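# What follows is a predicted protein model with its sequence.
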Amino acid sequence: MDLDKPVNPPPRPVCPRHPERVSYLRCVGCGRPACPDCQHPRANGFECPDCVGSGDHGGSHASVVSGGDGVTEKGAAPRPIVTFVIAGLCTLVYALQRFDPTVTNLGDFSAVAGYVQPWRFLTAAFLHSPDTISHLLFNMMSLYAMGQFLEPFLGRARFVALYLLSALGGSVGYLLLLPALDYSDQASRMAWFGGMVGASGAVFGLFTAVFLVLRRVGSSVGGMVVLLAINLALPFFYPNIAWQAHLGGAVVGLVTAALLFATAAPGRRRWTWPVLAVEAAVLVAAAAIKYGANARELDYILALPIGMA
């Protein structure tokens, strides 16, 4: 090869239907580039309009990228059953909250309550503010929008793990970002005793997981960035929103999705559940360390007669 002669770079891949658009995302059916307007999400990636019409649903890409369930025998993505079940449980629990206010008190999360009843780290994600239905509706619409894409892509078991770890991460994030407990300070007591409910932490984990999936397959992430920015900005306008839980769920969802991708290849799938178990153990350990640093004040509060705490 003549070293003095410039080497022309290979042409950039362009969408056949929109030649002016460069796209490095290729259809899992035919392998041709597809721009965002021509991308049709499926359980195993994306397809171009031609492959969607022909019913040629490639399947080899899914196991490598996500380890998901793939497609059904008829070529359709599996129905997001888990998403519907979670939404149904949250709706049922909300109805119980409206009927019996004590339901909220039995399952909401506060730092003090979580110290003696650890299950509240997760149960709070299935409760919502009984005073307004908009809290439930917003979270359920977000759950459906993210779940109908993520659940078939990741597979039902992995989707459940993502949701629950994100919910746990929301509660742990809320706990970790609290100031040190000082019983003599009213603001500190209110922060540690204040209850928190909502699936927002888990939903934020789904948001960041979708962001990572879109980046992984080469699709546009502009819309997801805008959506995340809007939701992260809400606490500045609505001070009662637990932004700590949003942040904790978002971080854990991103980490969980990254771990699922890292163990999606056929030779690595045996590590998926051990790795996720380690992640859960890290979250539990972080909460334990936070509680340990405030154990003296917590034990003092719990030793007080009922009504004095």
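On my side now, so go ahead. Every value quoted in this text rests on a predicted model; they were computed, and no experiment measured them.
# buried ones in stretch 277-297?
For stretch 277-297, the neighbour count (16 or more other C-beta atoms under 10 Å) marks 279-280, 283, 286-287, 290-291, 294, 297 as buried. C-betas here are computed from N, CA, C, even on glycine.
# scratch that, stretch 93-113
Buried residues in stretch 93-113 (16+ other C-beta under 10 Å): 93-94, 96-97, 103-104, 107-113.
# which one of the residues you listed is nearest residue 175?
For those, the minimum distance to residue 175 (C-beta to C-beta) is 5.3 Å, reached by residue 111.
# three-state assignment of the nearest residue to residue 207 once chain neighbours are set aside?
Of all residues not flanking residue 207 in the chain, residue 228 sits nearest, at 5.6 Å (C-beta to C-beta, 6 or more residues apart in numbering). When classified by DSSP: H, G, I helix; E, B strand; the rest coil, residue 228 comes out as helix.
# Now for the buried residues of stretch 277-297: which two are most distant?
Using C-beta to C-beta, these span at most 29.0 Å, a distance reached by 279 and 297.
# Can you list phi and psi of residue 196 for me?
Dihedral angles of residue 196 (phi, psi; degrees, to the nearest 10) stand at phi -140, psi 130.
# what's the answer for the one 3 residues further on, then?
Torsion angles at residue 199 (phi, psi; degrees, to the nearest 10) stand at phi -90, psi 10.
# follow-up on the earlier one: could the buried residues of stretch 93-113 go into TSV alongside distance to residue 49, secondary structure and pLDDT?
Conversion of those to TSV gives the following (distance: C-beta to C-beta, whole Å; DSSP: H, G, I helix; E, B strand; the rest coil; pLDDT from 0 to 100):
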residue	distance to residue 49	secondary structure	pLDDT
93	41	helix	97
94	40	helix	96
96	46	helix	96
97	45	helix	95
103	48	helix	94
104	48	helix	94
107	47	helix	94
108	47	coil	95
109	46	strand	96
110	51	coil	94
111	52	helix	95
112	56	helix	94
113	52	helix	94
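# List just the nearest of these to residue 254.
Nearest to residue 254 among these: residue 109, at 21.5 Å, using C-beta to C-beta.
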